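*Asks:* Build me a model from this:
(one chain, ligands or ions: 1)
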Amino acid sequence: MSNNLLAGKKGIIFGALDEKSIAWKTALKCHEQGAQIVLTNAPVALRMGEINKLAEAINAPVIGADVTNMDDLKKLFEEAQAHFGGKIDFVLHSIGMSLNVRKGKHYTEMNYEWNQKTLDISAMSLHRVLRTAWDMDALNDWGSVVALSYIAAQRVFPDYNEMADAKALLESVARSFGYHYGVKRKVRVNTISQSPTRTTAGSGVKGFDSFVDYAEKMSPLGNASAEDCANYCVTLFSDMTRFVTMQNLFHDGGFSFTGVSQAIVEGMGGE
Ligand code: NAI
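*Replies:* Next up, the predicted model:
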């Protein structure tokens with residue numbers, strides 16, 4: 001169902017790998033709500049070819065960009081503006097990758113070179129994207145930028161490893177750049193802290209299925225789905241949330257503020 005919440009708006013969506021991706025679902029919802037989209041992902045991800053299905057469905061061009069490469073980002077913003085015939089209203093940063101997790105290194109034994117790459121891809125990349133837009137003055141006034149985070153930024157989930165630090169940095173960049181972009185152009189920058197969700201990035205975390213089940217039992221509303229996350233992104237890109245900025249917004253069915261739930265107590269043999 002469309003309310004045309006994004007009629008006339010133009011956005012760049014990073015991170016649609018396959019149809020499970022949060023970015024994929026968000027692109028579909030934004031299109032449904034009347035937005036025009038440019039899709040982007042790392043060249044290696046584009047080689048999978050999946051994204052072309054999405055591109056066709058929403059009539060969006062695909063422009064490759066490694067989010068750690070400033071030349072790629074500059075080219076992306078130039079081409080996107082040429083395609084739209086003007087500036088950009090919203091950006092979704094839906095990117096995460098941990099080299100230490102991928103290579104099976106425990107947090108206490110991390111390889112620092114890999115850690116640098118993880119922080120660059122998963123957190124400083126938001127700064128790179130905002131900086132590129134800032135230097136080119138590519139975002140319209142009252143534009144909206146959203147990045148995706150996880151509650152391991154605030155609380156310990158041991159197997160989340162170095163990504164916990166990456167998410168804490170990501171949320172900090174959203175706050176800090178959000179200040180400057182707010183002053184300069186009324187652009188808002190927020191992170192959404194999403195429930196564990198079965199996607200390619202999510203499933204890379206050790207013990208992920210138990211994670212999902214535990215969060216499901218701990219959340220009064222249950223886990224938020226990728227599709228619901230996409231709906232939340234739409235509201236943040238819309239003019240209905242113009243004064244929300246520099247926030248980390250929990251989209252987790254109440255998980256973050258629940259101490260313990262009846263389902264968990266019963267699971268431990270209690271009443
Ligand atoms: P996904 O695997 O579908 O998306 C991750 C994306 O990052 C992929 O499209 C990948 O190609 C892209 N990427 C990796 N390196 C890149 C680079 N150098 N340049 C450009 N793009 C690059 O997984 P998902 O779950 O949709 O992840 C999206 C975001 O949501 C991530 O930030 C993730 O940490 C976050 N998130 C995911 C949760 C989950 O349980 N799945 C929970 C909370 C947050």
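
*Asks:* tally of neighbours for the residue in the stretch 51-200 of the chain that the ligand sits nearest to?
*Replies:* Taking Cβ to the nearest ligand atom, the ligand has its nearest neighbour within the stretch 51-200 of the chain at Gly96, 2.9 Å off. For the C-beta atoms, the positions are set from N, CA and C on the backbone; glycine is no exception. Neighbours of Gly96 under the rule other Cβ atoms under 10 Å: 26.

*Asks:* is it true that it touches Val205?
*Replies:* No. Counting by Cβ atoms under 8 Å, Gly96 does not reach Val205; the two are 10.2 Å apart.

*Asks:* quick one: common contacting residues for those two?
*Replies:* Listed contacts common to Gly96 and Val205 are Met163; contacts here mean Cβ atoms under 8 Å, 6 or more residues apart in numbering.

*Asks:* The longest strand along the chain pairs with which strands, and in what direction?
*Replies:* For the chain, the longest strand by residue count, based on DSSP state E, is strand 139-149. Taking DSSP bridges as the criterion, strand 139-149 pairs within the sheet with strand 88-93 (parallel), strand 188-194 (parallel).

*Asks:* close to the ligand, is that strand?
*Replies:* Yes. For strand 139-149, a contact with the ligand is found by Cβ under 6 Å from any ligand atom, at Leu148, Ser149.

*Asks:* The residue of the stretch 101-250 of the chain found nearest the ligand and Glu271, how far apart?
*Replies:* Using Cβ to the nearest ligand atom, Gly202 is the residue of the stretch 101-250 of the chain that sits closest to the ligand, at 2.7 Å. Here the criterion is Cβ to Cβ, to the nearest Å. By it, Gly202 lies 33 Å from Glu271.

*Asks:* who has more neighbours, these two?
*Replies:* When neighbours are counted by other Cβ under 10 Å, Gly202 and Glu271 differ, and Gly202 comes out ahead with 20 against 5.
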